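Visitor: This is the structure alone, sequence omitted:
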């Protein structure tokens, strides 16, 4: 980030992973007590989201340049593992906000950073970077359109990120790069610019609120260039190891599975007796097709890689220096 970028970041010591675990200790009773209500309504309760945001858990991977804690991926995984153990949907939404907010923070231009983080690092973001829309280039940015799916956590989002295939100026033909792959741009726009389709009606992870969404008004929406980044961007503009290792994917594929796998089947019960609560590990585990990926959680990370944060930090550092 250039020195000219001024953000409303209060000077303070960066929280350690131990501090995040201490904050989580205080929050877990609330998270578990609201789980059934959240699963019933289809998204996390307001008080749980507010508490996780206040604790900085929603933004713990964000780079220090925007006021984030910039935890090592391994350290953040240990926090998310415990949260997913308590309530899987809460863990999933925290992963999403950290992943999507981190990629925004490390890739978009300085002008976009000043806009998004003008009030500090505590932002919420959701959406789907998988290109299910189209971006027509115009002067100063893109006109986007589309219908996107699986916007986990979008009920509480302030910003939305939406992946789009780039088209020519007419909007009719897709643009392809030198490698023959379609050009993709990830765009960021305010939550008020979209509407939810109300179609999140599933068996497990109901409280993630992973609704489909589309534009709220008109056929297209203008998104300025400084609020976008190319999917094949060469290098991050800011950030630490997260910027060169795909840390968001690392956590989504690993920490969530670890927390879900470690929770014993009998740990979640309703007051009515032995019947599993909606979205609980017992209920989800009954689906045979989900048992393999849940069991595979720890196998996503070899023992030699995950023996501790310093070992992983060294490995990630080696990757960044290549």
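Guide: That came through, no problem. These numbers were taken from a predicted model, which means no experiment stands behind them.
Visitor: what ranges of the stretch 1-150 of the chain fall below the confidence cut-off?
Guide: For the stretch 1-150 of the chain, the stretches with pLDDT under 70 are 1-12.
Visitor: what do you get if the cut-off is 90, keeping everything else the same?
Guide: 1-14, 72-74, 77 (pLDDT under 90).
Visitor: So which residues of it form helices?
Guide: 17-33, 35-41, 46-54, 73-86, 88-107, 110-116 (DSSP state H, counting those that start in this stretch).
Visitor: what's the distance between residue 13 and residue 238?
Guide: The gap separating residue 13 from residue 238 is 20 Å, by Cβ to Cβ, to the nearest Å. To be clear about C-beta, it is placed using only N, CA and C from the backbone, and glycine gets the same treatment.
Visitor: Looking at these two, which has the bigger crowd around it?
Guide: residue 238 (19 against 6; other Cβ atoms under 10 Å).
Visitor: surely residue 92 meets residue 206?
Guide: No - judged on Cβ atoms under 8 Å, residue 92 makes no contact with residue 206 at a distance of 10.9 Å.
Visitor: so residue 239 touches residue 73, yeah?
Guide: No - taking contacts as Cβ under 8 Å, residue 239 lies outside contact range of residue 73: 11.7 Å.
Visitor: burial measure for the closest residue to residue 192 other than its chain neighbours, as a count.
Guide: Distances taken as Cβ to Cβ, 6 or more residues apart in numbering put residue 216 closest to residue 192, at 7.0 Å, once the chain neighbours are dropped. Neighbourhood size, residue 216 [other Cβ under 10 Å]: 12.
Visitor: Got phi/psi on residue 216?
Guide: Main-chain dihedrals, residue 216, degrees, to the nearest 10: phi -80, psi -30.
Visitor: List the residues that contact it.
Guide: 192, 193, 194, 195 (Cβ atoms under 8 Å, 6 or more residues apart in numbering).
Visitor: and what of residue 167?
Guide: Residue 167 touches 134, 135, 136, 137, 173, 174, 175, counting by Cβ under 8 Å, 6+ apart.
Visitor: Pipe those residues into TSV and attach distance to residue 147 and neighbour count per row.
Guide: TSV is the format used below for the contacts of residue 167 (distance: Cβ to Cβ, whole Å; neighbours: other Cβ atoms under 10 Å):
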residue	distance to residue 147	neighbour count
134	11	19
135	14	29
136	16	19
137	20	17
173	20	9
174	17	14
175	20	15
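Visitor: Of those, just say which sits nearest to residue 202.
Guide: Set against residue 202, the nearest of these by Cβ to Cβ is residue 134 (27.4 Å).
Visitor: From what I see, the closest one and residue 170 are in contact.
Guide: No - with contact defined as Cβ under 8 Å, residue 134 does not reach residue 170; the gap is 11.2 Å.
Visitor: residue contacts, the nearest residue to residue 240 once chain neighbours are set aside?
Guide: Nearest residue to residue 240 in three dimensions, chain neighbours excluded: residue 70, at 5.3 Å (Cβ to Cβ, 6+ apart). For residue 70, the contacting residues are 14, 61, 62, 63, 64, 239, 240, 242, by Cβ under 8 Å, 6+ apart.
Visitor: Now list the buried members of these.
Guide: Neighbour counting over these (16 or more other Cβ atoms under 10 Å) leaves 61, 62, 63, 64, 239, 240, 242 as the buried ones.
Visitor: Roughly how far does the residue nearest to the first one when sequence neighbours are not counted sit from residue 218?
Guide: Counting by Cβ to Cβ, 6+ apart, residue 61 lies nearest to residue 98, which is 4.2 Å off, once chain neighbours are set aside. Look at residue 98 and residue 218: by Cβ to Cβ, they are 31 Å apart.
Visitor: neighbour count winner among the two?
Guide: residue 98 (29 against 10).
Visitor: That one and residue 60 touch, don't they?
Guide: Yes - with contacts counted by Cβ under 8 Å, residue 98 reaches residue 60, the gap being 6.4 Å.
Visitor: Show me the common contact partners of the two, please.
Guide: Joint contacts of residue 98 and residue 60 (Cβ under 8 Å, 6+ apart) are residue 76.
Visitor: Could you pull out the buried residues of stretch 177-193?
Guide: Quick answer for stretch 177-193 (16+ other Cβ under 10 Å): 183, 184, 185, 186, 187, 188, 189, 191, 193.
Visitor: now that stretch: mean pLDDT?
Guide: Average pLDDT, stretch 177-193: 96.
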